[in-house]
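Chemist: I'd like to go over a predicted model; first the sequence, then the structure.
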Protein chains: 2
Amino acid sequence: MNMKFLSLPCRYTFNRYLYSSCSVKDILNTQPEGCKKKLKGWARGMRKMKNNIFVDLDDGSTHRHLQVVVPKNKVPDSLSYGCSLEAEGVLVKNPNNQLELVAETINVYGSCVVEDGYPFGARKTYHPEYVRQHLHIRPRTATFSSLLRLRDKLSVAVRNRFAEDNFIEINAPVLSSNDCEGAGEVFVVKPDSDDLIKEMISKEHQSPMEAFFNGQTYLTVSGQLHLECMARALTNVYSLGPTFRAENSKSRLHLSEFYMIEAEQAFINNIEELLSSIEKTTSTVVKQLLEHSSDEIYHYRKIIDASKDNDPVNMVNVPYEIISYQKACDVLEKENCFKNKMIRGKPLAKEHELFLVKYNGQKPIFVIDWPKDLKPFYAKAIPNNESLVYAVDLLCPNVGELCGGSVREDNYDVLKKKLSLIGMEDKLNWYLELRQFGNVSTAGFGIGFERFLQVLLDVQNIKDTIAFPRWPHNCKM
Amino acid sequence: MNMKFLSLPCRYTFNRYLYSSCSVKDILNTQPEGCKKKLKGWARGMRKMKNNIFVDLDDGSTHRHLQVVVPKNKVPDSLSYGCSLEAEGVLVKNPNNQLELVAETINVYGSCVVEDGYPFGARKTYHPEYVRQHLHIRPRTATFSSLLRLRDKLSVAVRNRFAEDNFIEINAPVLSSNDCEGAGEVFVVKPDSDDLIKEMISKEHQSPMEAFFNGQTYLTVSGQLHLECMARALTNVYSLGPTFRAENSKSRLHLSEFYMIEAEQAFINNIEELLSSIEKTTSTVVKQLLEHSSDEIYHYRKIIDASKDNDPVNMVNVPYEIISYQKACDVLEKENCFKNKMIRGKPLAKEHELFLVKYNGQKPIFVIDWPKDLKPFYAKAIPNNESLVYAVDLLCPNVGELCGGSVREDNYDVLKKKLSLIGMEDKLNWYLELRQFGNVSTAGFGIGFERFLQVLLDVQNIKDTIAFPRWPHNCKM
């Protein structure tokens, strides 16, 4: 075979490394005063003075803008608020000791005529609900571009926390043949093409919903069961991915598609170690964010007028308070201020959760020792008190429940009985079989990723913490 | 309100930081000779000698095992291949200068009786297809636990590459109201509960498939269009998440649920910069992996008997070769060895792609300048040659196409015409509107994450690169 391919006349040659990016973030971090630079971005603000126009150049790399000074005689006609542009010039310090670019050339790529329907005017603030109606333009607002950067930073911090303790990231599947807790609030999936369904239907699987995968297939509500399988080989595992609920909820705390941080650890058989692991996760993650991104966090909190009471520092101060479900009920019973009355043996309502957090000085609080009927089948009974299980909810400011976890039932016979009671023995046979060979105890927890952002930033509505929110009657773009 | 909560008698106290993990990886990395340690894991191998039993202890933290020496008089009955155990003892160097743990106590947590149905015998190797039939036990095999660790390492390396260049990670939505390229191979979604559907149905949306979200809702086939929206605010963005294809393909290169690395960059309007960005991604990611994980990579490749021809180093050596679609056809035309004849103007078959890679010495090769009919509507026409578009496929050993990318059509009028031709003008109005305000050029690419693993590790079947593979007629667990 002719391997002299490289000398064929078809070869393209060009300098592939000619293009070096230069971001506003890099410029503001390195402060290359006196250098000539070319920058690209959008005009997020403009002020006309006598001899110059001042443009706030934003390229999305940071919440800080670079001020570009454009001499009046160099201003293109199309330069306006919202346009995209390239500016070349020298970086100088202005009288306020702020770096700015004195433009020698300005090119406008794309104009922006607010009158043609651009939804956001210059120097105007809007209600989040209005902004949300323009999902595709929303990232261009100062508030939401900050949110997106902080969301990225949060996922980096979460991954760092787990990597430091030798956790391995697992991609739990989105498509699943079981619905985890059996709560029933699931989406089901089929191919769009009827021809394909016809082609794939079989004697055993005649329903269109079963044709493609030989069985009903759900969107995952939790990767926990799959992670348990992994922890029983890799010891410490986690996932950070999308989960789904088909629930007709209009709450400010629910989405149909949301992200979950889930961790599972082998060789944990007690609640204390589980609480330590949760506390370490939330506190070290927030600590890392405050170390590296406190500027942007407090910039964002200032824009949205966040409450000063629930400062993110509250998440860093450990140990968190711990209370049993029964004692929590005692506290709630003394109060008569609730719309929903607290009933012993029933789940806590959102207002009960938030009350407990407030009672605890707007600091996180663990609720443990739950009645077994309030937790799923996989929670392990507390030895010597079989009516309670080793389960925990972590309650936090703004959202109430941020995290739920449990020690998992590891006794083969007990689990077999439980599964048979809920009619899942066949479907979850693999889950039972995990306990049959080289069995170990495991424990784990799940943290709502968007709720974590709500706690950190005091965002009122969860729809404002995710790029493309999906909720009942809403799946835009 | 009483804030003296902390003094309530309900407070639990215990030392939460009593439990420090100690992994085989840490022990082998730090070599704490002479120290007493307690380790937990599974017995992956056992050798009985005259006075001792040697156990290969594996806790999933590394591909290397720690040898535990158990004096015969301390061997519990249930100690066997596959069991879970805790071993406490002193770390010493054996005559081969290898660290080993001389056990003082051994506790077996869970036994493993192969005869009861454990699918993998000691010291046996199995065909990947057999191993795959036992998905829930598969992570306990040496091959697949290595794969899972390397998969984690690959995603870390990908995220590092993008973070270094100020890319912001975006979670592109799984649920989408459009099917991106309009190729039609999509899954659709509805709630499982008929009651819920009845409750949510409206006059405008009477179909059960439209009730929940007020419209047909798909599982994403690509996050590209959503990322374009983000790049037009944040400049450089990427995503690494699940995508779906409802395709009845039994190929060794296709899954129904797979992961994609997708990147989108604003202010790129030419193919050269796009190729640079792709090349930088694949080469720096593999370089990082070879720097930090070459031990495990070559350990894995040795177990599966990987071909020496397509060494991962081939991915690091830049620049990659570049060839036009027409010239690629010229090369293929000269050969008569294909099952599928090459037809000019038609897509390249897998065997054509693999031939081009072989022809290029098993090194990656870019194919550019594609006929416009072979690429989706959003690819930008090459100025002065409107029959071709600025699009690229990166072909690699083992898999053929690893990556596809293009410069996107940024002209409002041209795009409007294209969308109207394929009847998507209404549905993708938001996509068009992105070009109306502060318009910029963008370019981007998508890399199949599992295929990347196939290239790196020479894995023949894509089903062996993902924890829970889903393909036609198969969605286990």
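Modeler: Arrived safely. Numbers count the residues shown, from 1 in each chain, chains lettered A, B, ... in the order given.

Chemist: Quickly find the element holding the residue of the stretch 351-477 of chain A found nearest chain B.
Modeler: Scanning the stretch 351-477 of chain A for the residue nearest chain B gives residue A:439, at 2.8 Å (criterion: Cβ to the nearest Cβ). No exception for glycine: its C-beta is placed from N, CA and C like everyone else's. Assigned by DSSP states H and E, residue A:439 belongs to no helix or strand.

Chemist: and if you look at residue A:85?
Modeler: Using DSSP H and E, residue A:85 falls within strand A:84-93.

Chemist: that older thread, the residue of the stretch 351-477 of chain A closest to chain B is in contact with residue B:109, isn't it?
Modeler: Yes. At 6.3 Å, residue A:439 and residue B:109 qualify as touching, with contact defined as Cβ atoms under 8 Å.

Chemist: Residues that sit against both of the two, list them.
Modeler: Common contacts of residue A:439 and residue B:109, defined by Cβ atoms under 8 Å, 6 or more residues apart in numbering or on different chains, comprise residue B:84.

Chemist: Could I get the phi/psi values of the residue in the stretch 51-200 of chain A positioned nearest to chain B?
Modeler: Residue of the stretch 51-200 of chain A nearest chain B, by Cβ to the nearest Cβ: residue A:110 (2.8 Å). Dihedral pair for residue A:110: phi -130, psi 130, per degrees, to the nearest 10.

Chemist: what about it, distance to residue A:398?
Modeler: From residue A:110 across to residue A:398, the span is 38 Å (Cβ to Cβ, to the nearest Å).

Chemist: show me the residues around residue A:475 that make contact.
Modeler: Residues counted as contacts of residue A:475 (Cβ under 8 Å, 6+ apart) are A:256, B:175-177, B:213-215, B:217.

Chemist: likewise residue A:288?
Modeler: Going by Cβ under 8 Å, 6+ apart, residue A:288 touches A:157, A:160-161.

Chemist: got those residues as TSV, with neighbour count and pLDDT columns?
Modeler: Listed next are the contacts of residue A:288 as TSV, based on neighbours: other Cβ atoms under 10 Å in any protein chain shown; pLDDT from 0 to 100:
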residue	neighbour count	pLDDT
A:157	21	98
A:160	13	98
A:161	21	97
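
Chemist: low pLDDT regions in the stretch 201-350 of chain A?
Modeler: Within the stretch 201-350 of chain A, no stretch has pLDDT under 70.

Chemist: Enumerate the residues of it near chain B.
Modeler: A:212-219, A:225-226, A:229-230, A:232-236, A:241-242, A:244, A:246, A:248, A:256-257, A:259, A:266-267, A:272-273, A:275-276, A:279, A:319, A:321-324, A:327, A:330-331 (Cβ under 8 Å from any Cβ of the partner chain).

Chemist: Which entries within those meet the buried criterion?
Modeler: A:212-219, A:225-226, A:229-230, A:232-236, A:241-242, A:244, A:246, A:248, A:256-257, A:259, A:266-267, A:272-273, A:275-276, A:279, A:319, A:321-324, A:327, A:331 (16 or more other Cβ atoms under 10 Å in any protein chain shown).

Chemist: ok, the residue of the stretch 51-200 of chain A closest to chain B touching residue B:437?
Modeler: Yes. In terms of Cβ under 8 Å, residue A:110 counts as a neighbour of residue B:437; the distance is 7.2 Å.

Chemist: one step back: please list the members of the contacts of residue A:475 that lie in helices.
Modeler: Of the contacts of residue A:475, none are assigned to helices by DSSP state H.

Chemist: Which one of the residues you listed is nearest to residue B:371?
Modeler: Nearest to residue B:371 out of the contacts of residue A:475 is residue B:176 (Cβ to Cβ; 28.0 Å).

Chemist: give the contact list for the closest one.
Modeler: Neighbouring residues of residue B:176 by Cβ under 8 Å, 6+ apart: A:475, A:477, B:217-220, B:226.

Chemist: How about residue A:239?
Modeler: Contacts for residue A:239 (Cβ under 8 Å, 6+ apart) come out as A:169-172, A:223, A:227, A:260-262.

Chemist: so can I have JSON lines of these showing secondary structure?
Modeler: Supplementary listing: the contacts of residue A:239 in JSON lines, determined by DSSP: H, G, I helix; E, B strand; the rest coil:
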{"residue": "A:169", "secondary structure": "strand"}
{"residue": "A:170", "secondary structure": "coil"}
{"residue": "A:171", "secondary structure": "coil"}
{"residue": "A:172", "secondary structure": "coil"}
{"residue": "A:223", "secondary structure": "coil"}
{"residue": "A:227", "secondary structure": "helix"}
{"residue": "A:260", "secondary structure": "strand"}
{"residue": "A:261", "secondary structure": "strand"}
{"residue": "A:262", "secondary structure": "strand"}
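
Chemist: Among the residues you listed, which one has the most neighbours?
Modeler: Highest neighbour count within the contacts of residue A:239: residue A:223, with 30 neighbours (other Cβ atoms under 10 Å in any protein chain shown).
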